[in-house]
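1. here is a sequence together with a model predicted from it:
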Amino acid sequence: MFESGHLYGGAAIYKRFPVRASMATAGVPTIAVTDTVGVQAGSTTSFADAIGLSKDTVTYSTTQADLNDPASDLNIGAYNTVYGLDAGKVVTVSCRDDLEIKALVSSSSTAGVALTLLSNTSSSGGGTTITDADVGTSDMTGGTVWCISGNNLGLARPIVTHNSASDFVTTVPFPRTIAVGDTFLWVPYNVFGTGASAIDGHGNLQATTNIDGADGSIATGTGGAVMVMQLELNGRSDTYVRFMLADHILKVITS
């Protein structure tokens, strides 16, 4: 994941925070630790009390270090010069509460796995049904499907009904017949949808295992609280979701 801009424009704000756990991957949602001082990476399913997006990596340690020893394992660059106190190991975080984060969408919990290709198996003259068992069993109602080859190339529609391992159905028709062999991709996200399932697609995102990408294989409404701002619907290996962290510790007071 990486920064893609800010809702209200302007430059990023970077701050350094002491950590309470090692952070081996840069570009992950970073959260406050609620029962003590410090931050850590969010989980694949929760970004509660978010601080922002990490910019570097750090190894947490509880081993005493000698500040006067040049061979010490203490990261001197992490020394808190603002207060003149040793804050321990720290991580740099892009922490504006209107930060838009951009994540590559994967068809797996592993980042970088190409999205599943749908090849329509039954003609839909009304332009509302995409048939292929590869739609899978995870409920994608409230997500988005788009055409990458065929009569409706480049056009997208919200998924209103997902018939498990059978088809996707839209309410707003594609303008032309969905022919046998037309190909499509989908993601479990949408931009500013309405209705319970659409809100799921707008308000949740599950991260890949290293928390550095978006797991597009899971059902809508699964994962951390976000606000999906934009979808970059491209091909199987270059489709992105842009989102803001909904539960930001600098934005609202939460329990």
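-> Happy to help now that I have it. Numbering: from 1, shown residues only.
2. what's the average pLDDT for stretch 190-200?
-> Averaging pLDDT along stretch 190-200 yields 74.
3. end to end on that stretch, go ahead and measure it.
-> 9 Å (Cα to Cα, to the nearest Å).
4. residue 152 is in what secondary structure piece?
-> Assigned by DSSP states H and E, residue 152 belongs to no helix or strand.
5. any idea how far it lies from residue 32?
-> 45 Å (Cβ to Cβ, to the nearest Å). Every C-beta, even on glycine, is put in place using the N, C-alpha and C of the backbone.
6. looking at these two, which has the bigger crowd around it?
-> More crowded of residue 152 and residue 32, by other Cβ atoms under 10 Å: residue 152, with 22 against 17.
7. where exactly do the helices run in this protein?
-> Counting by DSSP state H, the chain has helices at residues 196-203.
8. where does it dip in pLDDT?
-> When residues are selected by pLDDT under 70, those of the chain lie in 34-36, 65-88, 194-198, 252-255.
9. mind listing the residues bridging to residue 119?
-> In this structure, residue 119 has beta-bridge partners residue 183, where bridges are defined by DSSP bridges.
10. distance of the residue nearest to the spatial centre of the chain relative to residue 139?
-> When Cα atoms, centre = their mean is applied to the chain, the residue found nearest the centroid is residue 214 (4.3 Å). Spatial separation of residue 214 from residue 139 under the definition Cβ to Cβ is 17 Å.
11. just residue 5 next, same as before
-> For residue 5, the distance to residue 139 (Cβ to Cβ) stands at 31 Å.
12. OK, contacts around residue 213?
-> Residue 213 makes contacts with 1, 103-106, 111-112, 207, as judged by Cβ atoms under 8 Å, 6 or more residues apart in numbering.
13. what ranges does the stretch 101-250 of the chain have for its strands?
-> Under the criterion DSSP state E, counting those that start in this stretch, the stretch 101-250 of the chain contains strands at 118-119, 129-131, 144-149, 156-158, 161-163, 167-169, 183-187, 204-205, 214-215, 224-232, 240-245.
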